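just coords:
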């Protein structure tokens, strides 16, 4: 059942950052209960989808969970929610704190009734700061953290967002680490705690860990930015018939490379190529030189040459070709599974492995309210009470038959 077997997580989060965090905990073996409004998580209907409410992005951020649908705007719904949290080890939410407080789901209220609870607030901005009340989204945080500026420096001068939910994924993984650390601390002290994972600060930390540069020192000893990462020719090299990712990095690799391409004179013609430090100081010239060289051979010829010279390289995949990568096939990275309503799906296995507690996905991504009755019974509600909650539209369930 995985290393987190026995840990129950209540996931009151929507869209991507929180759900991705909770999915990872579920992949590690936790019992994750996803609490949704009667209309469902907004991202359920993000296409492509075979059936309404089960879009691809939702399926890839919510597997391994159980779904309970509750109207938290009602007093009865709030009472049910508190009952769920009383049974939990972890409560995580990316709902803004002021909204949670109006529902009686603030950390002070919940931790008072369960002093072992790890209460994780995934917020846009640290709640002691000037931006505390602002809403936050992935695009905004990419821009605010300096990431979009890096895209401009390393590209054509136009600021861009990464074509990936970069901030949601990075901060979601940071939240996983923070929650696990809090569980370890609870194991030592017997007490849970409230923790806050802010998107803006976490993503800024992520960006500036590489790019604070000369501003690391006070007074500054240079400009910010890691020159190798910002070099305009730091990109897959174009060959005579395609593209290839390659990295001639250390001194030994450079000596092997110039011999392999039949141009040993490059090391004397351009002395800065001889040492790592001087190559870093002249990184634009180095990358420009490599870009010209890679155009002289086919991709297959370069792979043969780099293999023989023991120089790191990697195929530049497309979103289609990566599915058939031979390494991913050999480790069983992609699996085909049968979903009760969505049919045959391709999914990615948990990439981490454990020697003694392997993680096996316990269940498919849930339909809205698929586990409402099951979970409410587990917290002690009688069937008559659950029926009454359904009749009052406080909770809802998926049909018994898909």
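Nice, thanks for sending it over. Please read these numbers as outputs of a predicted model, since none were measured by experiment.

okay, buried residues for stretch 329-349 please.
333, 339, 341-342, 345, 347, 349 (16 or more other C-beta atoms under 10 Å). Glycine gets a C-beta too; all of them are placed from N, C-alpha and C.

just stretch 83-91 next, same as before
By 16+ other C-beta under 10 Å, the buried positions in stretch 83-91 come out as 84-85, 88-91.

in TSV: those residues, plus pLDDT.
Listed next are the buried residues of stretch 83-91 as TSV, based on pLDDT from 0 to 100:
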residue	pLDDT
84	96
85	95
88	96
89	98
90	98
91	98
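
turn those into CSV, columns for distance to residue 222 and secondary structure.
Shown next, in CSV, are the buried residues of stretch 83-91 (distance: C-beta to C-beta, whole Å; DSSP: H, G, I helix; E, B strand; the rest coil):
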residue, distance to residue 222, secondary structure
84, 53, helix
85, 50, helix
88, 49, coil
89, 47, coil
90, 43, strand
91, 45, strand
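
related to what we said a few turns ago, just give me the closest of the buried residues of stretch 329-349 to residue 230.
residue 333 (31.6 Å; C-beta to C-beta).

what sits against the closest one?
By C-beta atoms under 8 Å, 6 or more residues apart in numbering, the contact set of residue 333 is 348-349, 351.

the strand or helix carrying residue 58 - what's its average pLDDT?
Residue 58 is located in helix 56-59, with elements delineated by DSSP states H and E. What helix 56-59 shows for mean pLDDT is 96.

same check, this time on stretch 208-215
The average of the pLDDT scores along stretch 208-215 is 96.

and the buried residues of stretch 329-349, which two are the farthest apart?
333 and 341 (24.6 Å).

and the residue nearest to the spatial centre of the chain, what's its pLDDT?
Residue closest to the mean C-alpha point of the chain, counted by C-alpha atoms, centre = their mean, is residue 169 at 2.6 Å. pLDDT, residue 169: 97.

for it, which non-adjacent residue is closest in space?
Of all residues not flanking residue 169 in the chain, residue 20 sits nearest, at 6.2 Å (C-beta to C-beta, 6 or more residues apart in numbering).

now that neighbour: which helix or strand?
In the assignment (DSSP H and E), residue 20 maps to helix 17-27.

against which helices or strands is that helix packed?
With contacts defined as 3 or more C-beta pairs under 8 Å, 6 or more residues apart in numbering; DSSP states H and E, helix 17-27 has these neighbours: strand 8-12, strand 31-36, strand 65-70, strand 90-93, strand 118-123, helix 166-189.

can you list contacts of it?
In contact with helix 17-27 (C-beta under 8 Å, 6+ apart) are residues 2, 4, 7, 9, 11-13, 32, 34, 41, 43, 61-65, 90, 92-94, 120, 122, 138, 167-169, 171-173, 175-176, 179, 199, 350, 359, 361-362.

need the contact list for residue 254.
Neighbour list for residue 254: 248, 267, 273-274, 279 [criterion: C-beta under 8 Å, 6+ apart].

so which of the residues you listed are in helices?
Counting by DSSP state H, the part of these found in helices is 267, 279.

now the buried members of the contacts of residue 254.
Those of the contacts of residue 254 that meet the buried threshold are 248, 267, 273, 279, by 16+ other C-beta under 10 Å.

roughly how far does the third one sit from residue 307?
Distance of residue 273 to residue 307, given as C-beta to C-beta, to the nearest Å: 22 Å.

try the first one
Distance from residue 248 to residue 307, counting by C-beta to C-beta: 14 Å.

same check on the last one?
Counting by C-beta to C-beta, the gap from residue 279 to residue 307 is 23 Å.

ok, the closest residue to residue 162 other than its chain neighbours - how many residues close by?
In space, residue 162 comes closest to residue 142 once its chain neighbours are excluded; the distance is 6.4 Å by C-beta to C-beta, 6+ apart. Using other C-beta atoms under 10 Å, residue 142 has 27 other residues around it.

and the next helix or strand past the helix or strand containing residue 142?
Per DSSP H and E: residue 142 is located in helix 138-144. Remark: after helix 138-144, the chain's next helix or strand is helix 147-154, criterion DSSP H and E.

what's that next one in contact with?
So helix 147-154 is in contact with 142, 158-162, 166-167, 203, 207, 211, 225, 229-232, 234, going by C-beta under 8 Å, 6+ apart.

change it to 7 Å
Helix 147-154 is contacted by residues 142, 158-162, 166, 207, 211, 229-230, 232, 234 when judged by C-beta atoms under 7 Å, 6 or more residues apart in numbering.

likewise for stretch 208-216?
Stretch 208-216 is contacted from outside by 146, 150, 220-226, 229, using C-beta under 7 Å, 6+ apart.

what's the most distant pair in those?
Across the contacts of stretch 208-216, the longest distance by C-beta to C-beta is 20.6 Å; it joins 150 and 221.

who has more neighbours out of these two?
Looking at residue 150 and residue 221 with other C-beta under 10 Å, you find the greater number of neighbours at residue 150, namely 21 against 10.

how much space separates the more buried one from residue 249?
Residue 150 is 21 Å from residue 249, by C-beta to C-beta.
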